[in-house]
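In: no FASTA, just this:
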Ligand code: HEC
Ligand SMILES: [Cu+2]
């Protein structure tokens with residue numbers, strides 16, 4: 001369907017608009033939904049409704065017909081909310097509904113229901129540099145999980161003082177970060193993995209054509225892994241709060257990677273076996289992934305050849321995985 005600019009808003013909408021004046025008056029909800037569907041499938045994106053049509057019924061029907069697609073209503077702030085309808089489950093699977101690339105079908109997420117106090121605690125912890133980014137990697141001590149004290153966000157202390165114009169911190173020298181003050185541990189930092197319902201643990205099979213020596217994983221050297229991550233190619237794409245050189249936003253922020261239950265758009269559990277293969281060859285793990293392959297000899301679709309210089313052995317990947325596990 002032909003598209004037109006909507007005034008000077010910058011929006012492009014279908015040239016034909018669908019009027020809903022009679023919805024709720026002469027047109028019942030079922031027919032209205034059919035009309036909307038037909039219109040949408042023909043490429044229509046402009047729907048006219050108003051609170052005076054059928055004394056508000058038209059808007060009600062239109063809203064219900066759009067169901068959860070509130071986020072598609074342009075030029076206004078859209079709010080989405082969910083009412084968890086189970087008293088026995090508190091973790092739910094979600095799926096991306098916007099076409100986001102080759103792996104759209106692999107773009108999932110999870111929702112967890114937690115208390116407001118736990119949510120605040122989680123937010124506060126996510127804002128901290130977290131464990132694993134201190135200059136001397138401290139052993140990760142298990143934290144008590146009882147209290148609900150909320151740690152104040154320590155973000156302000158770790159932001160570079162002089163960010164570059166377009167990339168925060170791009171000019172900050174690679175000198176060691178000022179020793180991060182020990183963050184007062186918030187009580188709740190992540191949804192407990194042992195409480196995850198079975199159906200929220202991804203079962204995506206590992207690609208058969210990607211091998212990794214899993215025996216190396218238990219003895220990975222986190223100290224060496226840290227060096228490889230914080231001084232190597234990863235800094236081109238990832239952020240790690242507390243490491244001034246790692247401010248990139250091409251890939252997900254890794255600061256609290258270890259607290260996540262899943263990786264790669266929630267298609268794999270976040271555990272050493274999956275992390276190792278992910279780093280070795282992300283594109284085999286997930287078609288279209290925009291991260292380089294790092295395993296020596298693996299094909300890298302970004303550089304369009306096999307990885308040679310700068311590639312990692314399985315042992316080096318095991319070291320990286322050990323380090324990533326400390327990022328709590
Ligand atoms: C060219 C940019 C690029 C480089 C270089 C890169 N990554 Fe990534 N990384 C990404 C992108 C993009 C994703 C998200 C991929 C997806 O889920 O589709 C990602 C995802 C990840 C994930 C999963 C995170 C999550 O929450 O799902 C980990 C772990 C990771 N990268 C680690 C590394 C490490 C370690 C290095 C260096 C050895 C590295 N990456 C280098 C772009 C990059
Ligand atoms: Cu998508």
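Out: Nice, thanks for sending it over. Note that the structure is predicted; figures quoted are calculated from it, not measured. Ligands and ions are numbered 1, 2, ... in the order given.
In: so residue 102 touches residue 301, yeah?
Out: No - look at residue 102 against residue 301 with Cβ atoms under 8 Å: they stay out of range, at 10.6 Å. In this view, the C-beta of every residue, glycine as well, is placed from N, C-alpha and C.
In: who has more neighbours, those two?
Out: Neighbours were counted for residue 102 and for residue 301 using other Cβ atoms under 10 Å; residue 301 has more, 17 against 13.
In: so what does the residue nearest to that one when sequence neighbours are not counted look like in phi/psi?
Out: Using Cβ to Cβ, 6 or more residues apart in numbering and skipping the chain neighbours, the partner closest in space to residue 301 is residue 283 (4.9 Å). Torsion angles at residue 283 (phi, psi; degrees, to the nearest 10) stand at phi -70, psi -30.
In: which ones are touching the closest residue to ligand 1 within the stretch 51-200 of the chain?
Out: Of all residues in the stretch 51-200 of the chain, residue 103 sits closest to ligand 1, at 5.9 Å by Cβ to the nearest ligand atom. By Cβ atoms under 8 Å, 6 or more residues apart in numbering, the residues touching residue 103 are 265, 286-289.
In: which one of the residues you listed is nearest to ligand 2?
Out: For these, the minimum distance to ligand 2 (Cβ to the ion) is 8.4 Å, reached by residue 265.
In: secondary structure class for the closest one?
Out: Following DSSP: H, G, I helix; E, B strand; the rest coil, the label given to residue 265 is coil.
In: PyMOL command to pick out the buried ones of the contacts of residue 103?
Out: To isolate the buried ones among the contacts of residue 103 in PyMOL, judged by 16 or more other Cβ atoms under 10 Å, type:
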select buried, resi 265+286+289
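In: filter the contacts of residue 103 down to the ones in strands?
Out: In this view, the contacts of residue 103 have no member that belongs to strands under DSSP state E.
In: make JSON lines from the contacts of residue 103 and add distance to ligand 2 to it.
Out: Compiled in JSON lines, the contacts of residue 103 are given as follows (distance: Cβ to the ion, whole Å):
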{"residue": "265", "distance to ligand 2": "8"}
{"residue": "286", "distance to ligand 2": "12"}
{"residue": "287", "distance to ligand 2": "13"}
{"residue": "288", "distance to ligand 2": "11"}
{"residue": "289", "distance to ligand 2": "13"}
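In: sitting in helices, which of the contacts of residue 103 do you find?
Out: Secondary structure from DSSP state H places none of those in helices.
In: the contacts of residue 103: which two are farthest apart?
Out: With Cβ to Cβ as the measure, no two of the contacts of residue 103 lie farther apart than 265 and 287, at 11.4 Å.
In: any shared contact partners between those two?
Out: Joint contacts of residue 265 and residue 287 (Cβ under 8 Å, 6+ apart) are 103, 106.
In: on that earlier part again, tell me the confidence at the residue nearest to residue 301?
Out: pLDDT, residue 283: 96.
In: how many other residues sit next to it?
Out: Residues near residue 283, counting by other Cβ under 10 Å: 21.
In: wait, doesn't it sit right on residue 307?
Out: No - at 11.5 Å, residue 283 does not count as touching residue 307 under the criterion of Cβ under 8 Å.
In: intersection of neighbour lists for those two?
Out: Joint contacts of residue 283 and residue 307 (Cβ under 8 Å, 6+ apart) are 293, 299-300.
In: residue 20: what's it in contact with?
Out: Counting by Cβ under 8 Å, 6+ apart, residue 20 has contacts 32, 47-49, 53, 58, 61-62.
In: ok, now residue 132?
Out: 140, 226, 258, 323, 326-328.
In: look at it and report its pLDDT.
Out: Value for residue 132, per-residue pLDDT: 74.
In: domain-wise, how is this structure divided?
Out: Domain ranges of the chain: 3-72, 116-325, per automatic domain parsing.
In: tell me which of those sits most buried.
Out: domain 116-325 (a mean of 17; mean count of other Cβ atoms under 10 Å).
In: centre of the chain versus that one, how much separation?
Out: The chain centroid and the centroid of domain 116-325 are separated by 12 Å, computed with Cα atoms, centre = their mean, to the nearest Å.
In: what distance do you get for residue 305 to residue 298?
Out: 10 Å (Cβ to Cβ, to the nearest Å).
In: find the helix or strand that residue 252 is a member of.
Out: Per DSSP states H and E: residue 252 is located in neither a helix nor a strand.
In: tell me where the stretch 201-328 of the chain has strands.
Out: Using DSSP state E, counting those that start in this stretch, the strands found in the stretch 201-328 of the chain span residues 262-263, 268-269, 299-300, 305-306.
In: I'd like the ones you listed laid out as JSON lines, including distance to ligand 1 and mean pLDDT.
Out: What follows is the strands of the stretch 201-328 of the chain, written out as JSON lines (distance: least, Cβ to the nearest ligand atom, whole Å; pLDDT from 0 to 100):
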{"stretch": "strand 262-263", "distance to ligand 1": "4", "mean pLDDT": "96"}
{"stretch": "strand 268-269", "distance to ligand 1": "8", "mean pLDDT": "96"}
{"stretch": "strand 299-300", "distance to ligand 1": "10", "mean pLDDT": "96"}
{"stretch": "strand 305-306", "distance to ligand 1": "15", "mean pLDDT": "94"}
